[in-house]
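Novice: Here is my input; please provide its structure:
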Amino acid sequence: MQIPGYLTSDEAAERLGINRQSLYNHATRTPDFPKPTKVGRASLWAEDAIDAWRSAHPKRQRKS
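Specialist: Take a look at the predicted model:
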């Protein structure tokens, strides 16, 4: 299902660099994480909300 401006769970997880289960964990456990919009059984994530959250929470840098 493709709706302009929305990402599937797999696409949102890939954009954030996490797996799909981590995406759902963030949605339920992280207060400021964007909530999905349900369309039937599918969870769709607003593309701009995912990008804004990533900008506010930069990826952690691994120590070498």
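Novice: Pull the contacting residues for the one residue sitting closest to the centre of the chain.
Specialist: Nearest to the mean C-alpha position of the chain, by C-alpha atoms, centre = their mean, lies Ala12 at 4.3 Å. Shown in contact with Ala12 (C-beta atoms under 8 Å, 6 or more residues apart in numbering): Leu23, Trp45, Ile50. Yep, even glycine has a C-beta here, placed from its N, CA and C like the rest.
Novice: what do you get for Thr37?
Specialist: Tyr6, Ser43, Leu44, Trp45, Ala46.
Novice: What about the residues you listed, which one has the most neighbours?
Specialist: The most crowded member of the contacts of Thr37, judged by other C-beta atoms under 10 Å, is Trp45 (25 neighbours).
Novice: For that one, give me its contacts.
Specialist: Tyr6, Leu7, Thr8, Ser9, Glu11, Ala12, Leu23, Pro34, Pro36, Thr37.
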